[in-house]
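Structure for the following, please:
(chains A and B)
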Amino acid sequence: MHIIEAGNVAAAMGVKLAGAQVVAAYPITPQTPLTEKLSELVDSGGMDAQYIPVESEHSAMSVCIAASSAGARAFTATSANGLLYMNEQLHWAAGARLPIVMCVVNRGIGAPWTVWNDHQDAVSQRDTGWIQIFCCDHQQIIDTVIQAFRIAEAVRIPVMVCYDGYILSHTYMPFEMPDQKEVDKFLPAFEPDWALDPACPANLNTVTLPDIRPDVRGNTAPGYMEIRHDLHTDLRRSIGVVEEADSRFSEIFGRGGHPFIEPYRCEDAEYVAMAMGSLSYHIRDVADSLREEGIAVGAAGLRLHRPFPDRAVAEFLSGKKGVIVMEKALSYGYEGPLYTDIKAALYNCAERPEITNFILGLGGREIRTRDIYGVLKKTCTKTAQHEENPVFVGMKV
Amino acid sequence: MAAKKTTVLNLPEEELVHPGNRACSGCGLSIIYRMGLKALGRDTILVVPPSCLTVLQGLYPIAATQLPCVNVTFASTAAAATGVLAALRARKKDTQVAAWAGDGGTGDIGIQALSGACERGEDFIFICYDNEAYMNTGVQRSGTTPQHVLTTTTPISGKQQRKKDMPAIIAAHGIDYVATASAAYPVDFYDKVCKAKTISGPKYIHVHTPCPAGWGFSARYTVKIGRMAVETGLFDLYEREKGEFRLTGPSQKMLGKKRKPVAEYFATQGRFKGLDEKQITELQNEVDKKWADYEKQAEEAC
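Numbers count the residues shown, from 1 in each chain, chains lettered A, B, ... in the order given. All right, here's what the predicted structure looks like:
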């Protein structure tokens, strides 16, 4: 069934179809309509879940952590400062290996206050041990939310589903609503392999020593460092799990095929412009224009931000003349964080493409097609002299 | 009410807290934890933030208790209890949930989540063991540290501010059961936990918990000092059931009787050694006024 709805509603429908059992959320712009929709679905009886209207984002993630520890499929959503308020809880959720799914409706961070879109919120939480997937349109939002639960539960690592505030969250687009029976085939009911249970008591997340230690039966238990190593290796392993989820999803629903990087006119491209989220679709229009002028440029959207699919990125970009990384986030005092990641992935390529970095759209600054056109054209025809790297695009004073 | 009176002789024999745990000698918490778990019983899930209890419960992979327990971040206890309850409802189970936090995890860093959960009417028992300072980090002042007490962050002049009245703050949420208890009266505490189990919605029990290391007294005097706090009228045992206040047990028996002077209590502990005569008189006057109100209430009730 095709429907026309807002991105936040697409996310809510995904959560419903995925059969989340516990939903806890605190409203924050631009996530709010998603929270409202879920409360309406639960209140109307359209969704069989416990909806907890918590008093803060910190508590929203607490509820999810505890509910997941007690064996329930748990969901929350937030944006910007709400995500930052959860910070210690994000580490806790990943460290405790809980398959929570959270939508991050991307928004810039204060101070000064902004409610408009950029990616600084999710990108700043990159190293919390979560899987992070970015969406480019409404179809990807609903599909990714469903896939996220399967991925999270397969590796017991929480997943953030990130999509652009307003640009996707509040705009209306047509998308295909997956059929519940098909979703149930893709994502069976959550059967936790352990949960808080008086019949089998365990003390979770206790103080863990630097060194290994035997239990009461003499078996060696891991120390803190082994537990961290497990999280890291399982995150690396989840790259394959993300790929497997995408291919199974494609089999059932006929959509997908690009779990790591979504390419557009990249096959014969000499230059590739890479971005995350809706910006990568925006760049497609510019690529079309430049192609008409005989400039062989393609656009690519990075879908999986963590774990970083470095091999796929290197293979995809190897042999290109140039890579242009456009991003809505900044590692203050250095450069765009995605640019750093892509540069590092290219280090092992025999022939490394030239790589440039553009920062744009911070705090919702309008990203004009002609601005993207200008910087791409100048970079691909080598007519630009950039005095700074990264280059800030769209500055007005 | 034909309920059999609880005594130390008819408490459940099963121990749910293992002996030889990591509590300090003379720890007031270890008394009430043992009693509280007897009252809660096996069909319970515990939620615990960082506190002395985290240490008492042991280091991975060894645990000092036989109940399932989730350790959570400092500010999140009551929200985490909410999450366990939500999962249990979703999974159609009726195991009870008990949160167990120190005075910081309850009234300072933990107050937002606790207030939110009380306002939402979550069906849990929240037990605050109040040892009147941040003991796990080494005796720093907390919101419930009494006035003039020396701590490692009020080392010379003592704490300038009054003790935060957490039970009153929780009672202001309009929940059906708020009680105070003392580690020095473990059977009274046991009975209050048992009563809390029979009431739906949030239940809050605030337990005065002497701490030898933090208060500056010999480990063998934990019970004696806990009792003196009650006998001097400084810490009162009461229940507030559906808004109805009544003194209970030892505090109730003190109505109409002469109380011990507060100076006797202060003299037993190193943390009060900065008190001067004027301050002691002021504190005695406060206690006298509070008890005059209790007496008046009791007369009106008759």
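
Spell out which residues sit in contact with the residue nearest to A:Leu17 when sequence neighbours are not counted, please.
Excluding the flanking residues, the one nearest A:Leu17 by CB to CB, 6 or more residues apart in numbering or on different chains is A:Val183, at 4.6 Å. C-beta coordinates here come from the backbone N, C-alpha and C atoms, glycine included. Each residue near A:Val183 by CB atoms under 8 Å, 6 or more residues apart in numbering or on different chains is listed here: A:Leu17, A:Ala18, A:Ile146.

Quick check: which element contains the last one?
A:Ile146 is part of helix A:138-155, with elements assigned from DSSP states H and E.

Can you spell out which helices and strands pack onto that helix?
Judged by 3 or more CB pairs under 8 Å, 6 or more residues apart in numbering or on different chains; DSSP states H and E, the packing partners of helix A:138-155 are helix A:7-17, strand A:101-106, strand A:131-134, strand A:159-164, strand A:172-176, helix A:180-186, helix A:224-253.

do you know which of these lies nearest B:Ala298?
strand A:101-106 (53.5 Å; CB to CB).

Figure out how far the host helix or strand of A:Thr379 is from the centre of its chain.
Per DSSP H and E: A:Thr379 is located in helix A:369-380. Offset of helix A:369-380 from its chain centre (CA atoms, centre = their mean, to the nearest Å): 27 Å.

same thing with stretch A:220-233?
On CA atoms, centre = their mean, the centre of stretch A:220-233 falls 25 Å from that of its chain.

Tell me which of the helices and strands packed on helix A:138-155 is the most buried.
Mean neighbour count, computed with mean count of other CB atoms under 10 Å in any protein chain shown, is highest for strand A:101-106 among the helices and strands packed on helix A:138-155, reaching a mean of 30.

is any part of that strand close to chain B?
No: Strand A:101-106 does not reach chain B (CB under 8 Å from any CB of the partner chain); its nearest approach is 13.9 Å.

Can you name the element that comes right after that strand?
Later in the chain than strand A:101-106, the nearest helix or strand by DSSP H and E is helix A:120-124.

which helices and strands sit right next to that following helix?
Helices and strands touching helix A:120-124, by 3+ CB pairs under 8 Å, 6+ apart, are helix A:80-85, strand A:101-106.

if we can go back for a sec, and the gap between the residue nearest to A:Leu17 and chain B?
From A:Val183 across to chain B, the span is 18 Å (CB to the nearest CB, to the nearest Å).

swap in A:Lys377?
For A:Lys377, the distance to chain B - CB to the nearest CB - is 50 Å.

Next, the closest residue to that residue other than its chain neighbours: phi, psi?
Excluding the flanking residues, the one nearest A:Lys377 by CB to CB, 6+ apart is A:Leu290, at 6.2 Å. Phi and psi for A:Leu290, reported as degrees, to the nearest 10, are phi -70, psi -30.

residues in contact with A:Leu290?
Counted by CB under 8 Å, 6+ apart, A:Leu290 has contacts A:Val297, A:Tyr373, A:Leu376, A:Lys377, A:Cys380.

Scan those and report the most crowded one.
Sorting the contacts of A:Leu290 by how many neighbours each has (other CB atoms under 10 Å in any protein chain shown) puts A:Val297 first, at 28 neighbours.

hang on, isn't A:Arg236 packed against A:Pro307?
Yes: if you go by CB atoms under 8 Å, A:Arg236 and A:Pro307 touch, sitting 5.7 Å apart.

Pull the contacting residues for residue 169.
I'll assume chain A. Going by CB under 8 Å, 6+ apart, A:Ser169 touches A:Ala6, A:Gly7, A:Asn8, A:Pro30, A:Gln31, A:Pro33, A:Leu34, A:Val105, A:Tyr163.

oops, I was thinking of chain B
Residues near B:Ile169 by CB under 8 Å, 6+ apart: B:Gly107, B:Ile111, B:Ser115.
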